[in-house]
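[1] Dropping the sequence and predicted coords here.
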Amino acid sequence: MLIQNIQYMTASADGKWVVNTGDILIKDNRIDSIGNFECDETVEKLDGKGMLALPGLVNGHQHTPMSLLRCYSDDVTLMTWLNKKMLPLEMKMNDEDRYWGGLLSMAEMIKSGTTSYADMYIGIDTIGEAAVESGIRSVIARGLIAMDSDYEGRLKEAANVVDRWHGKGDGRITTMIAPHSPYMCPPDFLRAAVNLSKEKNVPLHIHLAETKDEEKMIQEKHGLRPVEYLKQAGVFDRHVLLAHGVHFNDADYETLKTVQGGIIHNPVSNAKLGCGISDVKRLMDTGVKVGLGTDGPASASSLDLFLEMKAASWFQKLKYEEAAVLSAHDVLSMATQNGADILGIGDEVGSLTVGKKADLLLMDMNKLHLTPSHEHANLLVYSATGQDVDTVIIDGKIVMRGRELKTIDEEKVIANAKERTKELLVRL
Ligand SMILES: N[C@@H](CCSC[C@H]1O[C@@H](n2cnc3c(=O)[nH]cnc32)[C@H](O)[C@@H]1O)C(=O)O
Ligand SMILES: [Zn+2]
């Protein structure tokens with residue numbers, strides 16, 4: 001496929017995003033070359049005039065089936081939301097619910113420009129199926145909570161997810177091991193999860209330092225800070241995706257200095273659940289990689305990463321009372337290459353680079369709110385929304401064109417998601 005006459009964004013070594021114009025040639029599932037070409041008529045052409053190409057966005061932390069619980073419980077603290085509202089309903093969810101909820105999330109993500117994302121949930125087989133069907137790039141993991149004593153069964157399920165799914169969907173599906181959080185995993189269970197990630201040679205995915213309550217709980221139970229607790233269990237010996245990272249002290253930043261992987265910042269979820277504002281500037285100054293995520297649709301309520309980019313930048317500027325903090329350029333890198341690196345797929349995706357997998361979006365720039373274009377990075381972060389994404393290509397395949405999904409029947413997903421939700425509520 002040849003995308004002709006397109007403006008495209010690449011990040012230079014100093015972290016600044018620049019715009020170029022040319023043609024992008026995609027062969028099979030990779031970016032073959034970028035420049036100016038003539039191709040014969042056998043090559044599919046895509047006119048890029050008026051469009052701006054970007055690397056596909058990476059949503060680094062998700063619980064896709066929770067789309068069925070969107071706006072079911074809001075305006076309460078995290079621990080009330082999770083224990084009183086989410087978990088009881090999630091216990092009643094079946095595979096069919098998770099399939100349609102998963103697909104609903106994937107459709108929403110693709111429509112707003114997300115091409116890769118990380119999922120932590122249960123009933124992963126149905127999520128895997130939905131991911132393969134939708135064409136999205138997905139890093140899936142069985143969320144591990146020590147709710148009963150069947151640790152072995154849960155760890156086995158997590159291992160099975162890796163065995164069955166790693167590399168599926170033409171390599172679009174990869175896997176992780178996901179102990180839920182310090183407060184949901186006792187030490188031996190957490191250590192067993194770390195060992196499993198070693199054994200299976202896949203990264204870890206865990207919630208960390210999301211609330212002050214968490215800090216208190218871990219202190220009371222184990223006499224440690226959440227970061228120390230993870231350190232003692234060997235979490236930082238592995239590549240790890242740490243979701244949230246809001247509450248750290250000086251010693252924590254010191255520990256995080258050498259972390260492989262990094263923090264996925266979920267500003268909208270953190271704001272809505274009243275958790276606090278992660279110190280992204282300090283993390284970055286410390287040398288910790290920071291990516292962006294929405295968290296589940298029941299906490300963020302929207303899966304539009306363009307909204308997260310705005311929130312990330314706004315909140316840091318407010319926190320520091322300094323407009324120069326967390327520029328649009330930094331935020332674009334968080335939503336692309338940084339996220340891809342933290343998901344362990346940064347060699348393959350995250351930038352428009354020859355040889356990488358062809359995951360990209362074409363933004364329709366012919367819009368009132370995107371006119372004029374002095375500085376594209378600023379325009380993308382501060383003015384654009386997911387609705388401005390016109391075309392999405394994942395793994396060399398067009399999954400959306402002219403805002404029409406090619407792999408997912410949108411109306412069918414909406415109808416089924418509504419139906420599943422109705423039935424789920426009856427079961428409660
Ligand atoms: N409930 C499952 C495993 C959970 S996987 C992912 C879990 O993370 C929960 N979750 C979603 N967002 C957040 C968050 O921001 N912090 C903590 N947990 C969350 C969500 O409710 C879901 O139960 C079991 O029975 O084994
Ligand atoms: Zn979460």
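    Received it, and whenever you're ready, just let me know what you need. Ligands and ions are numbered 1, 2, ... in the order given.
[2] per-residue confidence at L428?
    L428 is assigned 85 on the pLDDT scale.
[3] got the residues of the stretch 251-400 of the chain near ligand 1?
    S269, D295, G296, S299 (CB under 6 Å from any ligand atom). Just so you know, the C-beta spots here come from the backbone N, C-alpha and C atoms, and that holds for glycine as well.
[4] ranking those by neighbours, who comes first?
    Neighbour counts for those peak at D295, which has 29 neighbours (criterion: other CB atoms under 10 Å).
[5] Report the secondary structure state of A243.
    What DSSP: H, G, I helix; E, B strand; the rest coil gives for A243 is strand.
[6] Make sure it is actually in contact with L204.
    No: shown here, A243 and L204 do not form a contact pair, counting by CB atoms under 8 Å, at 10.9 Å.
[7] Including pLDDT, could the residues of the stretch 251-400 of the chain next to ligand 1 go into JSON lines?
    Compiled in JSON lines, those are given as follows (pLDDT from 0 to 100):
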{"residue": "S269", "pLDDT": "98"}
{"residue": "D295", "pLDDT": "98"}
{"residue": "G296", "pLDDT": "97"}
{"residue": "S299", "pLDDT": "93"}
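[8] Make CSV from those and add secondary structure and distance to T353 to it.
    Formatted as CSV, these follow (DSSP: H, G, I helix; E, B strand; the rest coil; distance: CB to CB, whole Å):
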residue, secondary structure, distance to T353
S269, helix, 30
D295, coil, 29
G296, coil, 31
S299, helix, 33
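[9] Now the two most distant members of those residues.
    The span of these, defined through CB to CB, is set by S269 and G296 at 7.7 Å.
[10] which residues touch the residue in the stretch 51-200 of the chain that ligand 1 sits nearest to?
    Of all residues in the stretch 51-200 of the chain, the one sitting closest to ligand 1 is G143 (2.2 Å; CB to the nearest ligand atom). Residues near G143 by CB atoms under 8 Å, 6 or more residues apart in numbering: H63, M120, Y121, I122, A178, H180.
[11] Show me which positions of stretch 222-230 end up buried.
    Neighbour counts over stretch 222-230 (16 or more other CB atoms under 10 Å) mark R225, P226, V227, E228, Y229, L230 as buried.
[12] for the stretch 51-200 of the chain, what spans make up the strands?
    51-55, 57-62, 114-121, 137-144, 173-175, 178-179 (DSSP state E, counting those that start in this stretch).
[13] So is stretch 183-196 next to ligand 1?
    No: Stretch 183-196 stays clear of ligand 1 (CB under 6 Å from any ligand atom), getting no nearer than 7.7 Å.
[14] any residues touching that stretch, and which ones?
    Taking CB under 8 Å, 6+ apart as the rule, stretch 183-196 contacts 144-146, 151, 155, 158-159, 177-179, 182, 204, 214, 217-218, 222, 229-230, 232-235, 237-238.
[15] Let's see that with 7 Å instead.
    Outside stretch 183-196, the residues within contact range by CB atoms under 7 Å, 6 or more residues apart in numbering are 144-146, 151, 155, 158-159, 177, 179, 204, 214, 217-218, 233-235, 238.
[16] Any figure for the gap between F37 and I26?
    12 Å (CB to CB, to the nearest Å).
[17] neighbour count winner among the two?
    Neighbours were counted for F37 and for I26 using other CB under 10 Å; I26 has more, 23 against 14.
[18] how about the more buried one, what does it touch?
    M1, D32, A358, G396.
[19] Which positions in the helix or strand encompassing it come out as buried?
    Using DSSP states H and E, I26 sits in strand 17-27. For strand 17-27, the neighbour count (16+ other CB under 10 Å) marks W17, G22, D23, I24, L25, I26 as buried.
[20] Closest to ligand 1 out of those residues?
    Among the buried residues of strand 17-27, and counting by CB to the nearest ligand atom, the member closest to ligand 1 is W17, at 29.6 Å.
[21] where's that closest one relative to E228, distance?
    W17 is 37 Å from E228, by CB to CB.
[22] Next: H180.
    Distance from H180 to E228, by CB to CB: 18 Å.
[23] Could I get the full set of helices for the stretch 251-400 of the chain?
    Here the stretch 251-400 of the chain has its helices, by DSSP state H, counting those that start in this stretch, at 267-272, 280-286, 297-300, 305-320, 328-333, 339-342, 376-378.
[24] quick one: contacts of the first one?
    For helix 267-272, the surrounding residues in contact (CB under 7 Å, 6+ apart) are 74, 244, 246, 276-278, 294-295, 299-302, 307-308, 311-312, 315.
[25] and with 8 Å instead?
    Contacts for helix 267-272 (CB under 8 Å, 6+ apart): 74, 210, 244, 246, 275-278, 292, 294-296, 299-302, 307-308, 311-312, 315.
[26] For these, which PyMOL command selects only the ones that are buried?
    Buried residues among the contacts of helix 267-272 (16+ other CB under 10 Å), as a PyMOL selection:
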select buried, resi 210+244+246+275+276+277+278+292+294+295+296+299+300+301+302+307+308+311+312+315
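[27] got the contact list for T286?
    Y253, L256, K257.
[28] what's the closest non-adjacent residue to L380?
    L332 (6.5 Å; CB to CB, 6 or more residues apart in numbering).
[29] The one you found against Y382, yeah?
    No: under the criterion of CB under 8 Å, L332 is not in contact with Y382, lying 11.1 Å apart.
[30] more crowded one of these two?
    Just comparing L332 and Y382: by other CB under 10 Å the higher neighbour count belongs to L332, 27 against 15.
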